[in-house]
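A.B. asks: Predicted model and sequence follow; I will ask about them next.
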Amino acid sequence: STSAHKDDAGVLSVGGVALTELARTHGTPAYVLDEADFRARAGAFRDAFAGYDVYYAAKAFISTAVVRWVAEEGLHLDVCTAGELAVAERAGFDMARVEFHGNNKSAAELERAVELGVGRVVVDSFHEIERLARVAESLGRSQRVMVRVTAGVEAHTHEYIATAHEDQKFGFSITNGAAYDAVQRVLAAPSLELRGLHSHIGSQIFASAGFEVATRRVLALHARIAAELGVELPEMDLGGGFGIAYTTQDAPASPARLATEMSAIVEHECRALGIAQPHLSIEPGRAIVGPSMCTLYEVGTVKQVALDGGAQRTYVSVDGGMSDNIRTALYDADYSCTLAGRRSGAEPVLARVVGKHCEAGDIVVKDEFLPGDVAPGDLLAVPGTGAYCRSMASNYNHVLRPPVVAVRDGESRVVVRRETVDDLLATDVGDA
Ligand code: LLP
């Protein structure tokens, strides 16, 4: 995060808190969340995308504290399960500013959402349209709806997180007419109010070409709906997916540049199609919370491993791993790390940072140069772990999920506490 700073002794601090002190107070592993950084990134999207609604995508990371910051920074909130919705509710978030996603929301989830009065439900299948129409009708409500469409573009990102090519589970295909049919189905349901189309092409995307093609296709459908059905949809959501820098190889665009580019595409296309511009929204998750957190680990063991050809690799084991950051194992993601508690003059060695799980793929940082004297007790910080790390954390090997410790102005406070063995055992009710 922007406040990360190493002093002359090599001690890294974030938000004015030395990570050595943080480790002493809160233990390791721990996620360290820089509140000012989070708020600044949220604010940067809000300001750059003035005139849009900016939804923070809670799936990247959600807690009641973060939901409150999202509200205070003037953003909306994107949730995709009853669980995320419950966090928003507990935090007292204005439900009219919530958008509810998901390709298989249950009847119970839809009921809860309608009851709570969520602003938009993004429908993703014909079954869901029927289910939601029934739920809204039985509750005597009119529910605002967006229709998730599949733009049919190949986003350049890992295949597991690309969502706009044809052969994947999200959205109604434009190509086979499903999207158009879905729009008609929603329009025909008296308990549903169609607000617009929704498109999300994937995550950790840098090239604007994918966004551009998707936006063109969705706007073309929007124009067709106006021309053939006489319905001018007031809104359009262009999703999230803006990439962040995990290593020095990545060069993300600023929110201001993204906004300029997106607005130019929409303006140009709407003029070409002869239609009025819908009110736009976006849903960044990673680009807001990703850089705001780092994970602090303590080194437990260091060993040399022989490689083919006589070379060696230094394996540095930390006290967490794939249970707190699955992204390296799952997406072959790149991370970096740094010695956080002291300075070292030792020659750097090419190291691999691994976790404590019973699995060889339990790698946190594939390759990093660390001082050759890295040793048990050293602290390592892995930056950029705010998005999809705590939110995808597991209890694999019955490991306790780490706390999230917020730092600000030299103070630290726990916003999500560390799990305890009692937490783990609480769900194990035995066979009595
Ligand atoms: N909107 C929709 C409809 C989404 O499905 C997503 C992410 C977002 C917004 C936010 O995307 P973001 O701005 O955070 O890229 N677990 C994967 C990422 C999965 C993304 C799922 N949907 C990872 O760790 O890379």
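C.D. replies: Happy to help now that I have it.
A.B. asks: Name the residue most distant from the centre of this protein?
C.D. replies: In terms of distance from the mean C-alpha position of the chain, residue 310 ranks first, at 41.3 Å (C-alpha atoms, centre = their mean).
A.B. asks: Close to the ligand: what parts of the stretch 51-200 of the chain are there?
C.D. replies: Selection of the stretch 51-200 of the chain residues close to the ligand by C-beta under 6 Å from any ligand atom yields 57, 59-60, 78, 101, 161, 200. C-beta here means a position set from N, CA and C on the backbone, and glycine is covered the same way.
A.B. asks: Closest residue of the stretch 301-432 of the chain to the ligand?
C.D. replies: Residue nearest to the ligand within the stretch 301-432 of the chain (C-beta to the nearest ligand atom): residue 388, separated by 3.1 Å.
A.B. asks: Does that residue touch residue 286 like I think?
C.D. replies: Yes - if you go by C-beta atoms under 8 Å, residue 388 and residue 286 touch, sitting 7.0 Å apart.
A.B. asks: Could you pull up the residues touching residue 200?
C.D. replies: By C-beta atoms under 8 Å, 6 or more residues apart in numbering, residue 200 lies in contact with 148, 163-164, 170, 237-241, 283.
A.B. asks: That one - that's part of a helix, no?
C.D. replies: No - with DSSP: H, G, I helix; E, B strand; the rest coil as the criterion, residue 200 is assigned coil and is not in a helix.
A.B. asks: How confident was the prediction at it?
C.D. replies: At residue 200, the model reports a pLDDT of 95.
A.B. asks: For residue 89, see how far away residue 305 is.
C.D. replies: 49 Å (C-beta to C-beta, to the nearest Å).
A.B. asks: swap in residue 78?
C.D. replies: 15 Å.
A.B. asks: Over to residue 19?
C.D. replies: For residue 19 relative to residue 89 (C-beta to C-beta), the value is 34 Å.
A.B. asks: same check, this time on residue 119
C.D. replies: Residue 119 sits 14 Å away from residue 89, going by C-beta to C-beta.
A.B. asks: what does residue 39 give?
C.D. replies: With distances taken as C-beta to C-beta, residue 39 is found 22 Å from residue 89.
A.B. asks: who touches the residue lying closest to residue 282 once chain neighbours are set aside in this structure?
C.D. replies: Leaving aside its sequence neighbours, residue 282 sits nearest to residue 238 (C-beta to C-beta, 6 or more residues apart in numbering; 5.4 Å). Counting by C-beta under 8 Å, 6+ apart, residue 238 makes contact with 199-200, 211, 214-215, 218, 262, 280-282.
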